[in-house]
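Trainee: predicted model follows, preceded by the sequence.
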Amino acid sequence: MKKNILNLSLLACLATPLAAHAAPPAFVTTGANDGKGSLRAALASGASKIIITRKVKYIGITEPLVYQETAPLTLIGKGQTIFGHDGDGPILHVADGANLSVKHLDFAGPGGFDIEHPGGGKGIFVEVPDDREGLVHVQLKNVSVSGTGNHGIHVSDCSLGDECGDGQGEDEGTGSDASIFMQLNRVTVDGVGFGKQDADGVRIDDRGEGDIIFNATNSTFKDVGADGVELDEGGNGSVIISVRKSVFKRNGAYCFDIDGEGGFDPILIDPDCDDKGEPDVDDAFDIDEAGPGGIMGMVANVKAIDNFDEGLDFDTEGDEGDNFVDLDLINIRAKGNADEGIKVSEEGNASVVVNMRAIKAGGDIEVEEEGDGDLQVSIKGSKIGDDLKLSESDDGVGTVKLRGTKVVDEKDFNNVDEI
(Lines give C-alpha, C1' and ligand atoms only; values in the text may rest on other atoms or scores of the structure.)
Protein backbone atom coordinates (compact mmCIF):
# COMPACT_ATOMS: atom_id res chain seq x y z
CA MET A 1 0.00 0.00 0.00
CA LYS A 2 2.75 2.44 0.93
CA LYS A 3 4.54 1.83 -2.37
CA ASN A 4 1.34 2.31 -4.38
CA ILE A 5 0.55 5.56 -2.62
CA LEU A 6 4.01 6.95 -3.21
CA ASN A 7 4.07 5.85 -6.84
CA LEU A 8 0.82 7.72 -7.37
CA SER A 9 2.37 10.74 -5.65
CA LEU A 10 5.37 10.59 -7.97
CA LEU A 11 3.23 10.27 -11.10
CA ALA A 12 1.09 13.19 -9.99
CA CYS A 13 4.18 15.33 -9.63
CA LEU A 14 5.47 14.34 -13.05
CA ALA A 15 2.15 15.25 -14.63
CA THR A 16 1.77 18.60 -12.88
CA PRO A 17 2.78 21.48 -15.16
CA LEU A 18 4.07 24.79 -13.97
CA ALA A 19 1.41 27.49 -13.77
CA ALA A 20 0.47 29.29 -16.98
CA HIS A 21 2.13 32.62 -17.69
CA ALA A 22 -0.31 35.50 -17.36
CA ALA A 23 2.08 38.21 -18.58
CA PRO A 24 3.85 38.26 -21.95
CA PRO A 25 7.39 36.87 -21.99
CA ALA A 26 10.48 39.03 -21.68
CA PHE A 27 13.20 38.67 -24.33
CA VAL A 28 16.92 38.85 -23.60
CA THR A 29 18.71 40.55 -26.47
CA THR A 30 22.13 41.26 -24.99
CA GLY A 31 24.75 39.27 -23.10
CA ALA A 32 25.65 42.25 -20.93
CA ASN A 33 25.64 41.99 -17.14
CA ASP A 34 22.83 44.54 -16.83
CA GLY A 35 20.93 47.23 -18.68
CA LYS A 36 18.14 47.15 -21.23
CA GLY A 37 17.65 43.76 -22.85
CA SER A 38 19.81 41.93 -20.29
CA LEU A 39 18.83 38.81 -18.38
CA ARG A 40 19.16 40.73 -15.12
CA ALA A 41 16.67 43.33 -16.32
CA ALA A 42 14.26 40.59 -17.45
CA LEU A 43 14.39 38.92 -14.03
CA ALA A 44 13.59 42.25 -12.38
CA SER A 45 10.80 43.14 -14.81
CA GLY A 46 8.10 40.97 -13.27
CA ALA A 47 7.99 38.65 -16.27
CA SER A 48 7.82 34.97 -15.32
CA LYS A 49 8.74 33.62 -18.76
CA ILE A 50 12.09 34.74 -20.16
CA ILE A 51 13.45 33.80 -23.57
CA ILE A 52 17.08 34.34 -24.52
CA THR A 53 17.16 35.14 -28.22
CA ARG A 54 19.55 33.55 -30.71
CA LYS A 55 21.41 36.82 -31.22
CA VAL A 56 22.84 36.40 -27.69
CA LYS A 57 25.90 34.12 -27.87
CA TYR A 58 26.75 34.12 -24.16
CA ILE A 59 26.00 36.07 -20.99
CA GLY A 60 28.68 37.35 -18.62
CA ILE A 61 27.74 38.47 -15.12
CA THR A 62 29.63 40.23 -12.33
CA GLU A 63 27.20 39.40 -9.49
CA PRO A 64 24.39 36.89 -8.85
CA LEU A 65 21.27 36.90 -10.99
CA VAL A 66 18.34 37.10 -8.55
CA TYR A 67 14.66 36.31 -9.05
CA GLN A 68 12.61 37.59 -6.11
CA GLU A 69 9.06 36.92 -7.31
CA THR A 70 6.80 34.02 -6.27
CA ALA A 71 5.30 33.34 -9.71
CA PRO A 72 6.80 30.27 -11.45
CA LEU A 73 9.87 31.23 -13.48
CA THR A 74 10.56 29.71 -16.90
CA LEU A 75 13.94 30.46 -18.45
CA ILE A 76 14.49 29.28 -22.03
CA GLY A 77 17.77 29.54 -23.86
CA LYS A 78 19.19 28.37 -27.17
CA GLY A 79 22.27 26.63 -25.80
CA GLN A 80 24.01 29.77 -24.50
CA THR A 81 26.39 29.81 -21.54
CA ILE A 82 25.96 32.09 -18.54
CA PHE A 83 29.47 32.76 -17.24
CA GLY A 84 29.50 33.23 -13.48
CA HIS A 85 31.16 35.89 -11.40
CA ASP A 86 34.20 35.50 -9.11
CA GLY A 87 32.29 35.96 -5.84
CA ASP A 88 30.75 33.44 -3.46
CA GLY A 89 27.11 33.95 -4.43
CA PRO A 90 25.18 31.74 -6.87
CA ILE A 91 24.97 32.32 -10.60
CA LEU A 92 21.14 32.13 -10.46
CA HIS A 93 19.34 32.65 -7.14
CA VAL A 94 15.59 31.99 -6.89
CA ALA A 95 15.18 33.75 -3.58
CA ASP A 96 11.55 33.18 -2.56
CA GLY A 97 10.82 29.55 -3.39
CA ALA A 98 9.27 30.05 -6.82
CA ASN A 99 8.90 27.07 -9.12
CA LEU A 100 11.73 27.00 -11.65
CA SER A 101 11.98 25.60 -15.17
CA VAL A 102 15.20 26.02 -17.19
CA LYS A 103 15.82 24.70 -20.71
CA HIS A 104 18.80 24.74 -23.05
CA LEU A 105 21.24 26.77 -20.93
CA ASP A 106 24.70 26.23 -19.46
CA PHE A 107 25.91 27.74 -16.18
CA ALA A 108 29.69 28.02 -15.85
CA GLY A 109 31.65 29.16 -12.82
CA PRO A 110 35.24 30.38 -13.11
CA GLY A 111 36.72 27.01 -12.02
CA GLY A 112 40.24 26.57 -10.69
CA PHE A 113 39.17 25.64 -7.15
CA ASP A 114 40.70 22.99 -4.91
CA ILE A 115 41.37 22.43 -1.22
CA GLU A 116 44.31 24.84 -1.36
CA HIS A 117 42.39 27.40 -3.44
CA PRO A 118 38.87 27.52 -1.89
CA GLY A 119 35.98 29.82 -2.72
CA GLY A 120 33.33 30.26 -5.36
CA GLY A 121 29.57 30.14 -5.33
CA LYS A 122 26.76 27.86 -6.48
CA GLY A 123 25.35 27.34 -9.92
CA ILE A 124 21.57 27.32 -9.39
CA PHE A 125 20.22 28.03 -5.90
CA VAL A 126 16.52 27.77 -4.98
CA GLU A 127 15.80 29.04 -1.47
CA VAL A 128 12.52 27.88 0.10
CA PRO A 129 10.90 30.22 2.68
CA ASP A 130 9.41 28.85 5.90
CA ASP A 131 5.82 29.65 4.84
CA ARG A 132 6.01 27.80 1.49
CA GLU A 133 3.35 25.14 0.93
CA GLY A 134 2.49 22.62 -1.78
CA LEU A 135 5.21 21.51 -4.22
CA VAL A 136 8.38 23.35 -5.09
CA HIS A 137 9.12 22.34 -8.70
CA VAL A 138 12.65 22.50 -10.10
CA GLN A 139 12.68 21.20 -13.68
CA LEU A 140 15.84 21.33 -15.81
CA LYS A 141 16.20 20.05 -19.36
CA ASN A 142 19.34 20.19 -21.52
CA VAL A 143 21.17 22.14 -18.82
CA SER A 144 24.78 21.93 -17.65
CA VAL A 145 26.49 23.32 -14.56
CA SER A 146 30.28 23.43 -14.31
CA GLY A 147 33.17 25.15 -12.56
CA THR A 148 31.39 26.35 -9.41
CA GLY A 149 33.22 26.13 -6.08
CA ASN A 150 30.09 25.31 -4.08
CA HIS A 151 27.07 23.13 -4.95
CA GLY A 152 26.21 22.89 -8.61
CA ILE A 153 22.43 22.83 -8.03
CA HIS A 154 21.03 23.42 -4.54
CA VAL A 155 17.47 23.51 -3.22
CA SER A 156 17.36 24.45 0.45
CA ASP A 157 14.32 24.10 2.69
CA CYS A 158 16.34 24.47 5.87
CA SER A 159 16.75 27.33 8.33
CA LEU A 160 20.47 26.58 8.75
CA GLY A 161 21.36 27.27 5.13
CA ASP A 162 24.64 25.66 4.11
CA GLU A 163 25.18 24.39 7.67
CA CYS A 164 22.17 22.09 7.24
CA GLY A 165 24.42 19.43 5.79
CA ASP A 166 26.18 18.95 9.13
CA GLY A 167 23.64 16.41 10.32
CA GLN A 168 20.26 14.72 10.07
CA GLY A 169 17.16 15.02 12.17
CA GLU A 170 14.69 17.69 13.19
CA ASP A 171 17.19 19.29 15.56
CA GLU A 172 19.39 20.16 12.59
CA GLY A 173 17.19 23.01 11.38
CA THR A 174 13.57 23.68 10.45
CA GLY A 175 11.79 23.99 7.14
CA SER A 176 8.48 24.61 5.42
CA ASP A 177 5.52 22.28 4.86
CA ALA A 178 6.30 22.06 1.15
CA SER A 179 7.58 19.03 -0.72
CA ILE A 180 10.43 19.43 -3.19
CA PHE A 181 10.18 17.90 -6.64
CA MET A 182 13.26 17.99 -8.86
CA GLN A 183 13.23 16.67 -12.40
CA LEU A 184 16.47 16.52 -14.40
CA ASN A 185 16.47 15.50 -18.06
CA ARG A 186 19.74 15.52 -20.00
CA VAL A 187 21.49 17.48 -17.27
CA THR A 188 25.26 17.45 -16.79
CA VAL A 189 26.97 18.54 -13.56
CA ASP A 190 30.73 18.51 -14.05
CA GLY A 191 33.73 19.83 -12.10
CA VAL A 192 31.86 21.58 -9.29
CA GLY A 193 32.26 21.51 -5.50
CA PHE A 194 36.02 21.93 -5.12
CA GLY A 195 35.82 25.30 -3.35
CA LYS A 196 34.74 23.93 0.04
CA GLN A 197 34.19 20.67 1.88
CA ASP A 198 30.81 18.93 1.39
CA ALA A 199 29.84 20.81 -1.78
CA ASP A 200 27.76 18.49 -3.96
CA GLY A 201 26.83 18.31 -7.61
CA VAL A 202 23.13 18.33 -6.73
CA ARG A 203 21.95 18.92 -3.18
CA ILE A 204 18.43 18.99 -1.75
CA ASP A 205 18.00 19.85 1.94
CA ASP A 206 14.58 19.42 3.55
CA ARG A 207 13.85 19.88 7.25
CA GLY A 208 10.08 20.38 7.12
CA GLU A 209 7.00 18.21 6.72
CA GLY A 210 7.25 17.50 3.01
CA ASP A 211 8.91 14.86 0.87
CA ILE A 212 11.87 14.98 -1.50
CA ILE A 213 10.91 13.64 -4.93
CA PHE A 214 13.89 13.28 -7.27
CA ASN A 215 13.72 12.21 -10.90
CA ALA A 216 16.81 12.13 -13.16
CA THR A 217 17.00 10.73 -16.69
CA ASN A 218 19.90 10.69 -19.17
CA SER A 219 22.00 12.80 -16.82
CA THR A 220 25.67 12.84 -15.79
CA PHE A 221 27.27 13.79 -12.46
CA LYS A 222 31.04 13.67 -12.61
CA ASP A 223 34.21 15.07 -11.05
CA VAL A 224 32.32 16.66 -8.14
CA GLY A 225 34.19 17.56 -4.95
CA ALA A 226 31.63 15.90 -2.67
CA ASP A 227 28.63 13.70 -3.58
CA GLY A 228 27.45 13.64 -7.17
CA VAL A 229 23.90 13.87 -5.79
CA GLU A 230 22.90 14.21 -2.13
CA LEU A 231 19.29 14.13 -0.93
CA ASP A 232 19.13 15.07 2.75
CA GLU A 233 15.67 14.70 4.33
CA GLY A 234 15.60 15.32 8.08
CA GLY A 235 11.96 16.08 8.85
CA ASN A 236 8.65 14.24 8.69
CA GLY A 237 8.87 13.17 5.07
CA SER A 238 10.18 10.55 2.68
CA VAL A 239 12.63 10.42 -0.22
CA ILE A 240 11.11 9.13 -3.46
CA ILE A 241 13.46 8.52 -6.38
CA SER A 242 13.42 7.56 -10.04
CA VAL A 243 16.89 7.63 -11.61
CA ARG A 244 17.41 6.14 -15.06
CA LYS A 245 20.07 6.02 -17.77
CA SER A 246 22.49 8.19 -15.80
CA VAL A 247 26.20 8.19 -14.91
CA PHE A 248 28.00 9.02 -11.65
CA LYS A 249 31.77 9.14 -12.12
CA ARG A 250 34.82 10.23 -10.06
CA ASN A 251 32.88 12.09 -7.39
CA GLY A 252 33.98 12.86 -3.82
CA ALA A 253 37.68 13.82 -4.10
CA TYR A 254 37.82 17.24 -2.39
CA CYS A 255 39.37 15.80 0.81
CA PHE A 256 41.24 12.99 -0.91
CA ASP A 257 44.81 12.34 0.24
CA ILE A 258 46.54 12.59 -3.12
CA ASP A 259 49.76 10.71 -2.39
CA GLY A 260 48.64 8.70 0.64
CA GLU A 261 52.13 8.98 2.13
CA GLY A 262 51.77 11.98 4.42
CA GLY A 263 53.14 14.54 2.02
CA PHE A 264 49.68 16.01 1.57
CA ASP A 265 47.38 16.31 4.59
CA PRO A 266 43.82 17.41 3.66
CA ILE A 267 42.77 17.58 7.32
CA LEU A 268 45.59 19.99 8.14
CA ILE A 269 44.61 22.22 5.22
CA ASP A 270 40.85 22.05 5.90
CA PRO A 271 39.79 20.74 9.35
CA ASP A 272 36.28 20.10 7.97
CA CYS A 273 37.82 17.14 6.13
CA ASP A 274 38.32 15.29 9.43
CA ASP A 275 36.10 12.20 9.52
CA LYS A 276 37.21 10.38 12.68
CA GLY A 277 40.84 10.96 11.79
CA GLU A 278 40.50 10.11 8.09
CA PRO A 279 39.89 12.43 5.12
CA ASP A 280 36.15 12.72 4.44
CA VAL A 281 35.65 11.51 0.88
CA ASP A 282 32.19 11.25 -0.69
CA ASP A 283 29.82 9.15 -2.77
CA ALA A 284 28.28 8.95 -6.19
CA PHE A 285 24.65 9.07 -5.03
CA ASP A 286 23.89 9.65 -1.33
CA ILE A 287 20.51 9.66 0.44
CA ASP A 288 20.26 10.55 4.14
CA GLU A 289 16.73 10.24 5.56
CA ALA A 290 15.87 10.77 9.23
CA GLY A 291 12.65 11.00 11.21
CA PRO A 292 9.26 9.53 10.25
CA GLY A 293 9.29 8.48 6.59
CA GLY A 294 11.49 6.36 4.42
CA ILE A 295 13.21 5.80 1.09
CA MET A 296 11.54 4.26 -1.93
CA GLY A 297 11.87 4.13 -5.69
CA MET A 298 13.94 2.84 -8.57
CA VAL A 299 17.47 3.21 -9.90
CA ALA A 300 17.83 1.61 -13.33
CA ASN A 301 20.45 1.52 -16.08
CA VAL A 302 22.92 3.54 -14.03
CA LYS A 303 26.73 3.53 -13.84
CA ALA A 304 28.56 4.45 -10.62
CA ILE A 305 32.23 4.33 -11.54
CA ASP A 306 35.49 5.31 -9.80
CA ASN A 307 33.89 7.35 -7.02
CA PHE A 308 35.97 8.07 -3.92
CA ASP A 309 33.60 6.45 -1.39
CA GLU A 310 30.42 4.43 -1.98
CA GLY A 311 28.62 4.17 -5.29
CA LEU A 312 24.98 4.15 -4.12
CA ASP A 313 24.74 4.98 -0.39
CA PHE A 314 21.21 5.08 1.03
CA ASP A 315 20.78 5.59 4.80
CA THR A 316 17.65 6.02 6.88
CA GLU A 317 17.04 6.32 10.63
CA GLY A 318 14.06 7.01 12.86
CA ASP A 319 12.07 5.05 15.45
CA GLU A 320 8.72 6.83 15.07
CA GLY A 321 6.05 6.96 12.40
CA ASP A 322 5.65 4.85 9.28
CA ASN A 323 9.27 4.09 8.38
CA PHE A 324 10.24 1.93 5.42
CA VAL A 325 12.85 1.20 2.75
CA ASP A 326 11.57 -0.15 -0.59
CA LEU A 327 14.03 -0.07 -3.51
CA ASP A 328 14.32 -1.59 -6.96
CA LEU A 329 17.89 -1.53 -8.31
CA ILE A 330 18.13 -2.72 -11.90
CA ASN A 331 21.08 -2.96 -14.29
CA ILE A 332 23.54 -1.11 -12.08
CA ARG A 333 27.24 -1.10 -12.91
CA ALA A 334 29.19 -0.19 -9.77
CA LYS A 335 32.89 -0.45 -10.54
CA GLY A 336 36.10 1.06 -9.14
CA ASN A 337 34.46 2.77 -6.15
CA ALA A 338 36.67 3.10 -3.05
CA ASP A 339 34.06 1.54 -0.74
CA GLU A 340 30.87 -0.46 -1.27
CA GLY A 341 29.37 -0.43 -4.73
CA ILE A 342 25.89 -0.41 -3.18
CA LYS A 343 25.06 0.20 0.48
CA VAL A 344 21.61 0.37 2.08
CA SER A 345 21.51 1.01 5.82
CA GLU A 346 18.51 1.29 8.15
CA GLU A 347 19.18 2.37 11.75
CA GLY A 348 15.65 2.52 13.16
CA ASN A 349 12.67 0.19 13.16
CA ALA A 350 11.86 0.26 9.45
CA SER A 351 11.45 -2.85 7.36
CA VAL A 352 13.80 -3.05 4.39
CA VAL A 353 12.90 -4.48 0.99
CA VAL A 354 15.59 -4.35 -1.71
CA ASN A 355 15.17 -6.02 -5.08
CA MET A 356 18.25 -6.14 -7.32
CA ARG A 357 18.51 -7.39 -10.87
CA ALA A 358 21.38 -7.41 -13.38
CA ILE A 359 23.88 -5.88 -10.95
CA LYS A 360 27.57 -5.83 -11.83
CA ALA A 361 29.46 -4.69 -8.73
CA GLY A 362 33.24 -4.58 -8.58
CA GLY A 363 33.23 -4.30 -4.78
CA ASP A 364 30.97 -5.17 -1.85
CA ILE A 365 27.22 -4.91 -1.67
CA GLU A 366 25.87 -4.29 1.83
CA VAL A 367 22.30 -4.16 3.13
CA GLU A 368 21.65 -3.86 6.86
CA GLU A 369 18.65 -3.41 9.14
CA GLU A 370 19.58 -2.52 12.72
CA GLY A 371 16.22 -2.19 14.47
CA ASP A 372 13.03 -4.23 14.92
CA GLY A 373 11.98 -4.28 11.28
CA ASP A 374 12.46 -7.11 8.80
CA LEU A 375 15.03 -7.44 6.01
CA GLN A 376 14.06 -8.89 2.64
CA VAL A 377 16.61 -8.95 -0.20
CA SER A 378 16.27 -10.48 -3.66
CA ILE A 379 19.16 -10.56 -6.15
CA LYS A 380 18.78 -12.01 -9.63
CA GLY A 381 21.15 -12.35 -12.59
CA SER A 382 23.98 -10.45 -10.94
CA LYS A 383 27.71 -10.61 -10.22
CA ILE A 384 29.16 -9.25 -6.98
CA GLY A 385 32.92 -8.88 -7.29
CA ASP A 386 33.63 -8.96 -3.56
CA ASP A 387 31.50 -9.67 -0.46
CA LEU A 388 27.73 -9.74 -0.11
CA LYS A 389 27.06 -8.39 3.39
CA LEU A 390 23.55 -8.74 4.79
CA SER A 391 22.66 -8.05 8.41
CA GLU A 392 19.41 -8.19 10.39
CA SER A 393 19.59 -7.10 14.04
CA ASP A 394 17.26 -7.25 17.02
CA ASP A 395 13.84 -8.94 16.63
CA GLY A 396 13.35 -8.74 12.88
CA VAL A 397 13.39 -11.54 10.30
CA GLY A 398 16.04 -11.52 7.57
CA THR A 399 15.82 -13.40 4.27
CA VAL A 400 17.68 -13.34 0.96
CA LYS A 401 16.79 -14.96 -2.34
CA LEU A 402 19.66 -15.41 -4.82
CA ARG A 403 18.89 -16.51 -8.38
CA GLY A 404 21.54 -16.72 -11.10
CA THR A 405 23.90 -14.63 -8.99
CA LYS A 406 27.62 -15.08 -8.38
CA VAL A 407 29.30 -13.79 -5.23
CA VAL A 408 33.06 -13.81 -5.94
CA ASP A 409 34.19 -13.59 -2.33
CA GLU A 410 32.13 -14.23 0.82
CA LYS A 411 28.48 -14.34 1.76
CA ASP A 412 28.63 -12.53 5.08
CA PHE A 413 25.12 -13.01 6.51
CA ASN A 414 24.10 -12.02 10.03
CA ASN A 415 20.69 -13.39 11.08
CA VAL A 416 19.72 -13.68 7.41
CA ASP A 417 18.49 -16.95 5.91
CA GLU A 418 19.01 -17.80 2.25
CA ILE A 419 15.78 -19.12 0.73
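Mentor: Here it is on my side, so go on.

Trainee: S176 against G134, yeah?
Mentor: No: judged on Cβ atoms under 8 Å, S176 makes no contact with G134 at a distance of 9.6 Å. The C-beta positions use only the backbone N, C-alpha and C, and glycine is treated the same way.

Trainee: mutual contacts of these two, please.
Mentor: Among the neighbours of S176, none is also in contact with G134 (Cβ atoms under 8 Å, 6 or more residues apart in numbering).

Trainee: mind checking which of these two has more residues around it?
Mentor: S176 (24 against 14; other Cβ atoms under 10 Å).

Trainee: gap between that one and Y254?
Mentor: 30 Å (Cβ to Cβ, to the nearest Å).

Trainee: you'd agree I267 is in a strand?
Mentor: No: counting by DSSP: H, G, I helix; E, B strand; the rest coil, I267 is located in no strand; its state is helix.

Trainee: and R40, helix, strand or coil?
Mentor: helix.

Trainee: residue contacts, it?
Mentor: 33-34, 61, 65.

Trainee: please indicate which of those residues has the highest neighbour count?
Mentor: Top of those by neighbour count (other Cβ under 10 Å): L65, with 26 neighbours.

Trainee: isn't that residue up against L43?
Mentor: Yes: using Cβ under 8 Å, L65 is in contact with L43, at 6.0 Å.

Trainee: from I51, how far out is the closest residue in space to K55 that isn't next to it in sequence?
Mentor: Excluding its sequence neighbours, the residue lying closest to K55 (Cβ to Cβ, 6 or more residues apart in numbering) is T29, at 6.3 Å. Using Cβ to Cβ, one gets 10 Å for the distance from T29 to I51.

Trainee: pLDDT below threshold where in the protein?
Mentor: The chain contains residues with pLDDT under 70 at 1-22, 165-171, 259-263, 319-322.

Trainee: count of neighbours near G277?
Mentor: Neighbour number of G277 under other Cβ under 10 Å is 6.

Trainee: now swap in the one 5 residues further on and tell me
Mentor: D282 is surrounded by 28 other residues when neighbours are defined as other Cβ under 10 Å.

Trainee: which residues touch the residue nearest to it when sequence neighbours are not counted?
Mentor: Nearest residue to D282 in three dimensions, chain neighbours excluded: G252, at 3.3 Å (Cβ to Cβ, 6+ apart). G252 makes contact with 224-228, 281-284, 307-309, according to Cβ under 8 Å, 6+ apart.

Trainee: from V367, how far off is G252?
Mentor: 21 Å.

Trainee: one more: I61?
Mentor: 46 Å.

Trainee: please apply the same query to A284.
Mentor: Distance from A284 to V367, by Cβ to Cβ: 17 Å.

Trainee: looking at the two, which is more packed in?
Mentor: Higher neighbour count among A284 and V367: A284, with 32 against 29, using other Cβ under 10 Å.

Trainee: now the more buried one: phi and psi?
Mentor: phi -70, psi -60 (degrees, to the nearest 10).

Trainee: let me know whether it touches F308 as I believe.
Mentor: No: the pair A284 / F308 is not scored as a contact, 9.1 Å apart, by Cβ under 8 Å.

Trainee: where do the helices sit along this structure?
Mentor: 2-15, 39-44, 266-269 (DSSP state H).

Trainee: overlap in contacts, A284 and F308.
Mentor: With Cβ under 8 Å, 6+ apart as the test, A284 and F308 both reach 251-252, 337.

Trainee: which stretches of the stretch 101-250 of the chain form strands?
Mentor: Ranges of strands within the stretch 101-250 of the chain are 124-127, 135-146, 153-157, 179-190, 202-206, 212-217, 220-222, 229-233, 239-249, based on DSSP state E, counting those that start in this stretch.

Trainee: next, format the ones you listed as a markdown table and append distance to I76 and mean neighbour count.
Mentor: As requested, the strands of the stretch 101-250 of the chain are exported to a markdown table (distance: least, Cβ to Cβ, whole Å; neighbours: other Cβ atoms under 10 Å):
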| stretch | distance to I76 | mean neighbour count |
| --- | --- | --- |
| strand 124-127 | 15 | 24 |
| strand 135-146 | 10 | 22 |
| strand 153-157 | 18 | 28 |
| strand 179-190 | 14 | 23 |
| strand 202-206 | 21 | 29 |
| strand 212-217 | 19 | 23 |
| strand 220-222 | 22 | 23 |
| strand 229-233 | 25 | 27 |
| strand 239-249 | 23 | 21 |
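
Trainee: indicate which one of those strands is closest to K380.
Mentor: strand 239-249 (18.8 Å; Cβ to Cβ).

Trainee: which residues are contacting that closest one?
Mentor: The contact list for strand 239-249 (Cβ under 8 Å, 6+ apart) reads 6, 9-10, 211-223, 228-229, 231, 233, 284-285, 287, 289, 293-307, 311.

Trainee: that strand pairs with which strands, parallel or anti?
Mentor: strand 212-217 (parallel), strand 220-222 (parallel), strand 294-305 (parallel) (DSSP bridges).

Trainee: which residues are contacting the first one?
Mentor: By Cβ under 8 Å, 6+ apart, the residues outside strand 212-217 that reach it are 9-10, 13-14, 179-187, 204, 206, 229, 231, 233, 237-246.

Trainee: quick one on the thing from earlier: which of the contacts of R40 fall within strands?
Mentor: Among the contacts of R40, DSSP state E puts L65 in strands.

Trainee: so which of the contacts of R40 comes closest to P266?
Mentor: For the contacts of R40, the nearest to P266 is I61 (31.8 Å; Cβ to Cβ).

Trainee: give me every residue that touches that closest one.
Mentor: 33, 39-40, 82-85, 91.

Trainee: against G293, how distant is E418?
Mentor: For E418, the distance to G293 - Cβ to Cβ - is 30 Å.

Trainee: between the two, which one's more packed in?
Mentor: In this view E418 and G293 are compared by other Cβ under 10 Å, and G293 has more residues nearby, 26 against 12.

Trainee: chain neighbours aside, what residue packs nearest to that one?
Mentor: S238 (3.9 Å).

Trainee: again, but for D88
Mentor: Using Cβ to Cβ, 6+ apart, the closest residue to D88 is G121 (4.8 Å).

Trainee: ok, the one you found to T217 distance?
Mentor: 27 Å.

Trainee: list the buried residues for stretch 366-380?
Mentor: 366-371, 373, 375-379 (16 or more other Cβ atoms under 10 Å).
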